[in-house]
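Peer 1: pasting the structure only:
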């Protein structure tokens, strides 16, 4: 860490800070510049938070941290890519894994029809909400345990592992009995009580990025899970909140590449929430795969205009099939781009 | 609600939507414009979510909601200002209520010294964290039950009601036994399981605005509490997350005035988190009072540079006293502004 | 447009608004709902801004515009894709067009070496800054006319069309004499005096999206160019300003797909500014192509660590070659994704 | 500056950076930490941009700047508050200066009536737009020179100095002939060609903060003016663009206090654009004065519902008078707050 003294810091203020650095178990390293004094804090095993608190000391302008604050999730600690096994499906390996299904489980018919359709089109994990986080108390809140039973039934019949959201520590047990993977939603990314509880399960966790979480905060939320004992974490970018209102969220595609650079955990993309707009889901899915995502999670409904939640961003069966075909076909078209750009430069040169 | 058909919607698409509006228990009202058709949805008692889902129907460009989505918190439903009684202190009445205390309870000495100091300076409620939401699992997480006991002890000795944060449904009972008011932190504003549980307590709730919550989402979070049975809710603006990095958050002063215009609930301000910078707390506190806030919540520590959390935004005792005096004195200076602006215009006119 | 009266609007307030709608050349359409009255404004040829101003009338809560505010750039007006010809290179046609070159022109050697390298790797247009918009007055401001001459020299020798930024109406003439395409930078996207002047040139314009511009504002800036007489406009997404500080900007990939859905203009991507981080440029470029961008603009420098501007986001020659190869190779890898997702589902089913 | 080497930087990479620091005219200061090496860059008179460019060198993770990048606007360079004289009205002195008038000059009657009304209520400078930056080319663009003549006429008759916006270098001369102060609008805050031209005038400049400008970028834009020769700059906070859509902008009240802490320039507030909502202007104006603003700029129109621009955020004459009275009266009410909070604590203690 670097302690940046203000330009007019007094001599005794500088000495006080040096004293405090030593008390905290580090070595201070004084650098006297032309305009100001900087104190580099060197060493291992000191108490970092005591150095951070010095931001409040007289004469200190800022305390700048240089190292990343996360450890277990970091590629510096583990360079090898983590592969998370969800009921036999391996996330983070060579294959792109597609999770699909309805936003909310609404009925046996709806769920079975959707599961069969997405499986036929190439999805390997079924998603479906039993407990729904809804902005208004007057909106549909999910079928709860009944939905969990339906999900387990589908899994047993079709052989698709199940992922569903957990909103409260109190539901962890019952959901763990039915699902293969537990999802932490964007609104709960910093629900630390929930993260601590999930660190104690043996289920893989799908950790969505909060709508206003920085990439560091997202990785630190994952750090809660790993530090608490659960190494099976898959990250999921689902868009962040920005000034742009035309789309539900701003899908932060570069965060996928950066999260994979900083961490060994698999990262998947949620273009349904990431855009909120059906017409963009196929193209943004292709982009997510191109940037290096390990998988996708997509909302699908037999009849989006009758969905109890998230209809406008749900694909119908035909739309999902087309999107899945698009993951290969348009890519082939793109594959020729190198050749084509050469052509374009020939035109320009002629 | 208004259903906005796209410019090239087919006749049968329009008819389908009209049919669906009727099925949902509303009356459709067709308006044929020069460029497109719009269907106004009129009536009471229909199923709103079915209309919203029509955004997914063929030929529909958008569904625009006109009414505000909240009810019980709205001034249209209750025009009279709510007053929340916290252990004898009335929030929302004529008096500005100041809550103050340390970010985290660290020890009996720290807590008692701070409580006495803030009480002497005019604070009427003591704040202090027992369970701390921390971005990193390696940071100080609070003293838990031990802190609750210390808080209750101070309350009994000094007669100051206590407010402290609750992070999990599992802690609601034990915290309710010790505290006079339960705080929902910014990160948990949309922890709906927690909100539903708190709606069943008889304790007043301090509901902080989420760092990326719109004013509507904030009021809808309060709606969960009122709809669930707890009318004693105080809102708290604590800054939102924006591109500006010089300060910890962007303190949204106009949201206080707007929340008070839209809702009858009291609204207080948290300039400590709202700015993250000690030197700005006194001036932003004055601004919050000037805009109409019903109170303030301020972090105070005997020695900020040794605080286990939030030192850089904590006032020491002297700083807090000055801030409190500033709430009246500089206001007196401002009080003369009208006169002085007249003077300025005389200068200009001369 | 829809005029949304407030719940307690008086009868005479409603009548007044109806009267004003007629005065403005439209037909009012009264819809009396359960909770409030709504007035739909129908017709062609009325004065829209007079309706918008009614937001200020007594009893009016809001005026909601339904139609998009742009016309000439809209796909509803022109469904056919626009192709912009820049010195023989066609943007918006089948080929992905890559523009590349240094952030700033620094010397003849630097420019020629870079131009030859990017041309050899497949770029067909040369970018290079002569007039640089710099946040601080103490930073390098560009070589000006000298840079323009060097750019023209390269074009004549290598046969690569030139794109360079124009920052002021006063420079339009001299830049037009030397360059094949004029770039409006993000900071000038709403420099309307500049847009009006550029609408009168016969040069194609590269219009970067402002760092805080919505997609609508971006398209309306393009509308200034088309309405003023210049149909040769290429849009460029270069990242928006958000709370995330790990990267220079948040690259809004979905905006490319949405801009192409709403408008017939070509859209290219700038992953250099969009991320500000060299290590992410290749993967974000692939994503941009996958989402449907018509081209890329990339910063390249012979020795980024000695660049006078934007070094950290510049590729060196080897990096650029690899990126260009990546546009085809990794795509081929992705091309197999459909097959591989089927494999993954087989694993799950087995 | 601090150069932060990555954890696995090679020895020769570190040596290369040390060499480059010396070449750039600084002294390198090597600090070998437990996890990584840090190089502090010390000295005066070196070439800073060369150090910044080292972010692109192999083995470098980040280059952190410690000093603020602005100089002439800084309080460290000039501790004494600047007072800007606009036609005899002193901004930055003890008096709160209120500028008021219509968004756009629409006619002689409108302008004279408004000027008389705002002057009578205590405003000392008249604002009025002649050249209007409008998001759409189809909106009213201002009366241009005709408006300038009307403004000058009012000034001569009523003795109120005039402030009006300049959008282009080409208009600087004509506007300087008529107005007493030239306004740079939010969209042009980083129109550096315009800033450089305005640095050469002898007129005071009102520099609005860009909608997505950080406080540092805002101060650096002012630095362009001072460095170019014009010391008479008044800063104006007018709200920033955030995810909150209920209001036109998010008024960043703390930025006023911070700008005054960092700089000696006067800072005024624009609650009209800062909120976009008439009902909030009076309360946000009081807050701005309470936080320490040196003045206010307010949009006023004889009949907001007929305004050609910005009607919804314009006050009518009565509204403006009430706002001006509110600057003193409610302050008096607040002045008693200290006393009242003591009362509240007595209640709590009893």
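Peer 2: Alright, I've got the coordinates. All values derive from a computational prediction rather than experimental measurement.

Peer 1: quick one: average confidence on stretch A:88-106?
Peer 2: In this model, stretch A:88-106 carries a mean pLDDT of 95.

Peer 1: so how far is that stretch off the chain centroid?
Peer 2: Chain-centre distance of stretch A:88-106: 14 Å, with Cα atoms, centre = their mean, to the nearest Å.

Peer 1: with stretch A:132-145 instead?
Peer 2: The answer for stretch A:132-145 is 22 Å, by Cα atoms, centre = their mean.

Peer 1: so what touches it?
Peer 2: A:103-106, A:129-131, A:150, A:165, A:167, A:174, A:185, A:187-188, A:308-309, B:49, B:69-71, B:190, B:192, B:217, B:220, B:223-224, B:227-228 (Cβ atoms under 8 Å, 6 or more residues apart in numbering or on different chains). Where C-beta positions appear, they are placed from N, C-alpha and C, glycine not excepted.

Peer 1: skipping adjacent residues, who's closest to residue A:38 in space?
Peer 2: What sits nearest to residue A:38 in space, not counting adjacent residues and going by Cβ to Cβ, 6 or more residues apart in numbering or on different chains, is residue A:31, at 4.6 Å.

Peer 1: and the most centrally placed residue in chain A, what element?
Peer 2: Residue closest to the mean C-alpha point of chain A, counted by Cα atoms, centre = their mean, is residue A:236 at 3.0 Å. In the assignment (DSSP states H and E), residue A:236 maps to strand A:233-237.

Peer 1: and that strand, does that touch chain B?
Peer 2: No: against chain B, strand A:233-237 shows no contacts by Cβ under 8 Å from any Cβ of the partner chain, the least distance being 13.1 Å.

Peer 1: name the helices or strands packed onto that strand?
Peer 2: strand A:205-208, helix A:215-227, helix A:253-262, strand A:267-269 (3 or more Cβ pairs under 8 Å, 6 or more residues apart in numbering or on different chains; DSSP states H and E).

Peer 1: what residues does that strand touch?
Peer 2: Contact with strand A:233-237 is made by A:73, A:82, A:84, A:91-92, A:181, A:183, A:204-209, A:218-219, A:222, A:225-226, A:251-253, A:255-256, A:259, A:263, A:265-270, A:274, A:288, A:293-295, A:297, as judged by Cβ under 8 Å, 6+ apart.

Peer 1: tell me where the stretch 251-350 of chain A has helices.
Peer 2: With DSSP state H, counting those that start in this stretch as the criterion, the stretch 251-350 of chain A has helices at A:253-262, A:271-275, A:278-291, A:317-335, A:337-349.

Peer 1: those helices: lowest mean pLDDT?
Peer 2: When I compare the helices of the stretch 251-350 of chain A, helix A:337-349 is least confident, with a mean of 40.

Peer 1: could you check how far residue A:8 is from chain B?
Peer 2: 14 Å (Cβ to the nearest Cβ, to the nearest Å).

Peer 1: same deal with residue A:125?
Peer 2: From residue A:125 to chain B the distance is 24 Å (Cβ to the nearest Cβ).

Peer 1: my read: that residue touches residue A:164, true?
Peer 2: No: Residue A:125 is beyond contact range of residue A:164, at 10.7 Å (criterion: Cβ atoms under 8 Å).

Peer 1: shared neighbours, the two?
Peer 2: Contacts common to residue A:125 and residue A:164, judged by Cβ under 8 Å, 6+ apart, are residue A:181.

Peer 1: tell me which of the two has more neighbours.
Peer 2: residue A:125 (29 against 26; other Cβ atoms under 10 Å in any protein chain shown).

Peer 1: rewinding a little: list the strands paired with the strand holding residue A:236, with their directions.
Peer 2: Sheet pairing of strand A:233-237 (DSSP bridges) gives strand A:205-208 (parallel), strand A:267-269 (parallel).

Peer 1: Throw those strands into CSV and include mean neighbour count, thanks.
Peer 2: Formatted as CSV, these follow (neighbours: other Cβ atoms under 10 Å in any protein chain shown):
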stretch, mean neighbour count
strand A:205-208, 26
strand A:267-269, 27
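
Peer 1: okay, those strands in CSV with mean pLDDT and distance to residue C:9 next?
Peer 2: Output for the strands paired with strand A:233-237, formatted as CSV (pLDDT from 0 to 100; distance: least, Cβ to Cβ, whole Å):
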stretch, mean pLDDT, distance to residue C:9
strand A:205-208, 98, 42
strand A:267-269, 98, 46
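
Peer 1: out of the ones you listed, which gets nearest to residue B:119?
Peer 2: Minimum separation from residue B:119 across those (Cβ to Cβ) falls at strand A:205-208, 42.9 Å.

Peer 1: ok, and what's touching the closest one?
Peer 2: By Cβ under 8 Å, 6+ apart, strand A:205-208 touches A:163, A:181-186, A:189, A:198, A:218, A:221-222, A:225, A:230, A:232-236, A:238, A:268, A:270, A:297.

Peer 1: can you say which of the residues you listed are buried?
Peer 2: A:163, A:181-186, A:189, A:198, A:218, A:221-222, A:225, A:230, A:232-236, A:238, A:268, A:270, A:297 (16 or more other Cβ atoms under 10 Å in any protein chain shown).
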